[in-house]
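Enquirer: need coordinates for the following:
(2 chains)
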Amino acid sequence: MDFISILSIFVMACFVGYYVVWSVTPALHTPLMAVTNAISSVIVVGALVAAAAEGSAVSKWLGLGAVVLASVNIFGGFAVTERMLAMYKKKEKK
Amino acid sequence: MEHVTAVPSWAMFAYLVSGVLFILALRGLSSPATSRAGNRYGMIGMTIAMVTTLLTHGVASLPEIVGALAIGGGVGFVTARKIKMTDMPQLVAAFHSLVGLAAVLVGLAAYLNPQAFGIAGADGIIEPQSRIEMGLGIAIGAITFSGSIIAFLKLAGKMSGSPIMLPGRHVLNLGTLIAILGLVAYFTQDQSQWVIATITVLSFIIGFLLIIPIGGADMPVVVSMLNSYSGWAAAAMGFTLHNTAMIITGALVGSSGAILSYIMCKAMNRSFISVIAGGFGAAPEAAGGAAKEQRPWKRGSAEDAAYMMKEAENVIIIPGYGMAVSQAQHALREMGDVLKKEGVNVKYAIHPVAGRMPGHMNVLLAEANVPYDEVFELEDIQSEFSQADVAFIIGANDVVNPAAKTDKSSPIYGMPVFDVDKAKTIFFVKRSMGGVGYAGVDNDVFYMDQTMMLLADAKKMVEDIVKALAH
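Expert: Reported below is the predicted structural model:
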């Protein structure tokens, strides 16, 4: 992919992010932070590439280190979001 | 050496799908009813991204990778299960720091083995454009890391929440930032190790310097800002790797954090620059403080509060950080339940900056099983204070301070606050008369005719009220 198509995706995604995030209800701002945290750990993709590649032992170990850190976030972030969201309940109808 | 430039088109499509699933994850948060489905989309998206990566790259070290995933996943999962809801702000800060450090490690790994990432030819010369992306990614990641560590220490109470002011810090910070940008530019000309190493070290230092002068009350902004940085770091790495999932996610998270910072700043009527410049809440003897200490005020008891609220028609409860500190949310919900049984109309009012992170109070009330349709935002409940018989303030202070409306010299002037003074009776739960809010300003509400101060630990006081209500 050339730079300009990557940049286009990036700019479009910023706009999508802008509109999607404004529609998030303020009551869920803490879960929003937790889940954005989890998804920003998609950086694990880069970590996996480094960890899986041959050619540099240091690079591989840096990659593995990054896999550990990112997976703390992925599992922790999604689990804690799930836990929080499960607590939001509507008034019980009598 | 293998040269992985061509990612198969099905893989590019898979990364796009996972990017779209992440968008849906955030979209789900527009209402609590759809939020859990959204979270599932996020999980599926992440799984797709990870599996795709493993399938398209020769995995020579699968056992190590599985081990790394298991260790990280285990730690993350257990932490997420065990963490107390009141500790959520520092958990989020800690998670941000991990994303930042992971970005730094990935950037350095890409620098050491550029062929694996398809950004260098066989001669090992990295493309200049990739060097900029890599340099920026590492810098933002490092700032996110060290900044989040400081935010974590401050939120967890392991470091003083009051601002630490270094002399000449603005010059120092600006100089360091310029040096980092200069080095990133120079990196395109010279890919020596010292350049990337200096960028990394300077960025760690600037992250630290940027956050230490910021005080406790500004933490919601800081946490949101670091959230935003962690997104930009992921996006920069996505540019380096030409990976759609990372770019989309980075942009989403980056804008999300930026919008939250904006909302928080607006709710405090402060500019983003003044928050970043730091030092807020440093001077406890701020404007209008000293002379007012001697004014008369009334002390109420748990019995007074119980009696008044039982007789009331409408009660509005305003929780703040103090409720989180004393873990009073469960007792508070119990009090609400008893009052509702007596036919009282109970509502909760939440200020955008109540607590230490966006939505902090909402999570705590949800944890205590308060239905979310009894919880209202500032603009939705403001008009109801004139009909309220009782405003019950628990652990909040600055967000009900009328000085924000009237006193131009007050540091919180212009901040939107609850019109509690319109309520017939005000109960103000507070540990002692001595302490002031984080902004360090006195509060006229303490001395109003209709105000009764309930001086005690918030949880104990609410429990006493519940007991008194039972009689």
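Enquirer: and the helix or strand harbouring residue B:465, what's buried?
Expert: Following DSSP states H and E, one finds residue B:465 within helix B:458-470. Neighbour-count burial for helix B:458-470 flags B:458-459, B:461-466, B:468-469 (criterion: 16 or more other Cβ atoms under 10 Å in any protein chain shown). Using the backbone N, CA and C atoms, a C-beta is placed for each residue, glycine as well.
Enquirer: same check, this time on stretch B:370-378
Expert: For stretch B:370-378, the neighbour count (16+ other Cβ under 10 Å) marks B:370-372, B:374-376, B:378 as buried.
Enquirer: which of those fall within helices?
Expert: The helices in this structure, assigned by DSSP state H, contain residue B:378 from those.
Enquirer: which pair of the buried residues of stretch B:370-378 spans the longest distance?
Expert: Greatest spatial distance among the buried residues of stretch B:370-378 (Cβ to Cβ): B:371 and B:378, at 19.1 Å.
Enquirer: biggest helix in chain A by residues?
Expert: helix A:57-87.
Enquirer: run the contact check for that helix versus chain B.
Expert: Yes. Contact of helix A:57-87 with chain B (Cβ under 8 Å from any Cβ of the partner chain) involves A:58-60, A:62-87.
Enquirer: elements contacting the helix holding residue B:465?
Expert: Under the contact definition 3 or more Cβ pairs under 8 Å, 6 or more residues apart in numbering or on different chains; DSSP states H and E, helix B:458-470 sits against helix B:302-311, helix B:321-326, helix B:329-341, strand B:425-430.
Enquirer: out of those, nearest to chain A?
Expert: Ranking those by their distance to chain A (criterion: Cβ to the nearest Cβ) puts helix B:329-341 first, at 9.9 Å.
Enquirer: for that closest one, give the mean pLDDT please.
Expert: The average of the pLDDT scores along helix B:329-341 is 93.
Enquirer: check the offset of that helix from the chain's centre.
Expert: Relative to its parent chain, helix B:329-341 has a centroid offset of 28 Å by Cα atoms, centre = their mean, to the nearest Å.
Enquirer: that helix vs chain A: in contact?
Expert: No. Legend: contact between helix B:329-341 and chain A by Cβ under 8 Å from any Cβ is lacking; minimum distance shown is 9.9 Å.
Enquirer: over to stretch B:135-149?
Expert: No. For stretch B:135-149, no contact with chain A is found by Cβ under 8 Å from any Cβ; the gap never falls below 8.6 Å.
Enquirer: how about the CA coordinates for that stretch, as CSV?
Expert: Output for stretch B:135-149, consisting of C-alpha atoms alone and laid out as CSV, is shown next (Å, rounded to 0.1, in the frame of the first residue of the first chain):
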residue,chain,number,x,y,z
GLY,B,135,10.8,7.7,15.4
LEU,B,136,7.4,9.3,16.1
GLY,B,137,5.9,6.0,17.2
ILE,B,138,8.7,5.4,19.7
ALA,B,139,8.6,9.0,21.0
ILE,B,140,4.8,9.0,21.5
GLY,B,141,5.0,5.5,23.0
ALA,B,142,7.7,6.5,25.5
ILE,B,143,5.9,9.7,26.5
THR,B,144,2.7,7.6,27.1
PHE,B,145,4.7,5.1,29.1
SER,B,146,6.5,7.4,31.5
GLY,B,147,3.6,9.9,31.7
SER,B,148,1.2,7.1,32.6
ILE,B,149,3.5,5.7,35.3
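Enquirer: against residue B:211, how distant is the residue most central in space within chain A?
Expert: For chain A, the residue whose C-alpha lies nearest the mean C-alpha position (Cα atoms, centre = their mean) is residue A:39; its distance is 1.1 Å. Going from residue A:39 to residue B:211 by Cβ to Cβ, to the nearest Å gives 24 Å.
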